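A.B. asks: Any chance you can model this:
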Amino acid sequence: MPYAARILVPTDFSPLSSVALEHAIALASLCRASIHLLHVRTDARGQVNDDDRHLAGLVSRCHAEALVVTSQVCSGQPAAIIAQVAADRAVDLIVLGTHGRHGVAHLILGSVAEHIVRTAPCPVLTVRGLVPDRVEEPTGDALVLLPN
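C.D. replies: Predicted coordinates for the structure are as follows:
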């Protein structure tokens, strides 16, 4: 049975992205998977030092759980870059936060998560909601279904 060996976690350093990372860490621990952290700058002139510092903190968070982790910063359109990195790295699962906008806000702002779900070369787990205190520790075996 296939399992998630490589998990891609796109981050914009928001609290919701941190929640998605906690879910990815829990899954990676269960599946003995590696995590690839990805930050996509929409402005190439963005805060490079701040981005690197934030990303280093997330890498440390993964290392604290004894996980294999890599990281990458790219510039461009987030949904397209995320789908391309997922394909290039042959990831098994993408875990990302979504704001769950609907109605006029969704029409105006669109949804990066929705575009990724439609174009990703692998399954996508979207995490939505309030920031919990922590993600519950796994208590036993878990089954993660992935298409062939």
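A.B. asks: and the end-to-end length of stretch 89-98?
C.D. replies: 22 Å (Cα to Cα, to the nearest Å).
A.B. asks: Give me the average confidence score over that stretch.
C.D. replies: What stretch 89-98 shows for mean pLDDT is 93.
A.B. asks: do the same with stretch 118-134
C.D. replies: On average, stretch 118-134 scores 77.
A.B. asks: Then stretch 60-70?
C.D. replies: The average pLDDT for stretch 60-70 rounds to 94.
A.B. asks: which other residues reach that stretch?
C.D. replies: 21, 25, 28-29, 33-37, 59 (Cβ atoms under 8 Å, 6 or more residues apart in numbering). (Each C-beta comes from the backbone N, C-alpha and C, glycine too.)
A.B. asks: what's the closest of those residues to R128?
C.D. replies: R128 has its nearest neighbour among the contacts of stretch 60-70 in L21, at 14.3 Å by Cβ to Cβ.
A.B. asks: okay but that closest one is in contact with I7, surely?
C.D. replies: No. Counting by Cβ atoms under 8 Å, L21 does not reach I7; the two are 10.0 Å apart.
A.B. asks: anything in contact with each of the two?
C.D. replies: Joint contacts of L21 and I7 (Cβ under 8 Å, 6+ apart) are V95.
A.B. asks: Give the buried subset of the contacts of stretch 60-70 as a PyMOL selection command.
C.D. replies: Typed into PyMOL, the line below selects the buried ones among those, using 16 or more other Cβ atoms under 10 Å:
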select buried, resi 21+25+28+33+34+35+36+37+59
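A.B. asks: Give me the subset of the contacts of stretch 60-70 lying in helices.
C.D. replies: 21, 25, 28-29, 59 (DSSP state H).
A.B. asks: Return the distance of stretch 117-130 from the chain's centre.
C.D. replies: Centroid separation for stretch 117-130 versus its chain: 9 Å, with Cα atoms, centre = their mean, to the nearest Å.
A.B. asks: related to what we said a few turns ago, of the ones in helices among the contacts of stretch 60-70, closest to G97?
C.D. replies: Checking these one by one against G97 (Cβ to Cβ), the nearest turns out to be L21, at 8.6 Å.
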